[in-house]
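Undergrad: Take this sequence and fold it.
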Amino acid sequence: VTGATFDEYSESILNGFSGAEVSLKVQFIPEFLGNVANRQWTVDGASVDETNGGIKFSAAKGVDDVYNIALTASVVQSQEIRQALRDIWGISPLASPEVRLSTSVQLELWEQGFAQGTLQGSKKYLAAIASYIPTSVMFSFRILLSVVLMLFTASMLFTLLPEQVGVSSARRR
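TA: Take a look at the predicted model:
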């Protein structure tokens with residue numbers, strides 16, 4: 001999806017912005033299949049015309065809405081290739097049937113400001129760092145902070161109340 005402020009690596013759920021132009025392209029592996037495939041794109045069940053190996057449309061839906069985008073492709077060997085396979089290598093035309101490929105993705109729409117964020121300056125960088133720290137490290141850090149807080153509280157109590165603790169231990173003797 002173009003126009004995003006971050007890289008996307010999901011294979012089935014993409015993110016876009018409400019009101020923005022959405023552009024999707026298909027990449028075939030092996031690449032030569034893209035040259036011989038008959039492709040049909042659909043967006044929410046409606047057929048969309050392909051241009052330059054992909055589609056473009058305006059995301060007119062609101063925030064938090066979803067587009068369902070599907071691509072079906074069929075690869076059929078030409079009669080000349082099928083006949084050459086039979087004549088040269090002895091491969092039956094029935095062994096090279098039409099191959100159908102399909103895939104689908106969902107496009108979730110966000111607000112424009114959501115991905116950019118409202119944090120400025122050093123807060124922005126601290127938030128980014130904190131979001132990449134593993135949860136186990138954050139849990140250990142919270143435990144450490146809890147222990148430090150308990151020790152600080154205990155030392156403050158012993159500092160403020162030293163005589164009362166000493167008097168009670170003297171009475172026991």
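Undergrad: I'd like the average pLDDT over the longest helix along the chain.
TA: In the chain, assigned by DSSP state H, the helix with the most residues is helix 135-160. Helix 135-160 comes out with an average pLDDT of 92.
Undergrad: How about stretch 87-104?
TA: Rounded mean pLDDT across stretch 87-104 is 86.
Undergrad: Ok, stretch 42-62 next?
TA: pLDDT averaged over stretch 42-62 gives 87.
Undergrad: how about that stretch: buried residues?
TA: For stretch 42-62, burial by neighbour count (16 or more other CB atoms under 10 Å) applies to 43, 48, 50, 55, 57, 59. Every C-beta, even on glycine, is put in place using the N, C-alpha and C of the backbone.
Undergrad: Could you pull up the residues touching Ala130?
TA: By CB atoms under 8 Å, 6 or more residues apart in numbering, the residues touching Ala130 are Met138.
Undergrad: now whatever helix or strand it lives in: how far from the chain's centre is it?
TA: In the assignment (DSSP states H and E), Ala130 maps to helix 122-132. In terms of CA atoms, centre = their mean, to the nearest Å, the centre of helix 122-132 is set 19 Å apart from its chain centre.
Undergrad: average pLDDT for it?
TA: Mean pLDDT, helix 122-132: 74.
Undergrad: Taking helix 135-160 as reference, get the angle to that helix.
TA: 110 degrees (axes from the mean of the first three to the mean of the last three CA atoms, to 10 degrees).
Undergrad: CA-only coordinates of helix 122-132, as PDB, when you get a sec.
TA: What follows is helix 122-132, C-alpha atoms only, in PDB (Å, rounded to 0.1, in the frame of the first residue of the first chain):
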ATOM      1  CA  SER A 122      12.100  12.800  22.700                       C
ATOM      2  CA  LYS A 123       8.800  11.400  23.800                       C
ATOM      3  CA  LYS A 124       8.300  10.000  20.200                       C
ATOM      4  CA  TYR A 125      11.700   8.200  20.400                       C
ATOM      5  CA  LEU A 126      11.100   6.800  23.900                       C
ATOM      6  CA  ALA A 127       7.700   5.500  22.800                       C
ATOM      7  CA  ALA A 128       9.200   3.800  19.800                       C
ATOM      8  CA  ILE A 129      11.900   2.200  21.900                       C
ATOM      9  CA  ALA A 130       9.400   1.000  24.500                       C
ATOM     10  CA  SER A 131       7.200  -0.500  21.900                       C
ATOM     11  CA  TYR A 132      10.100  -2.800  20.700                       C
END
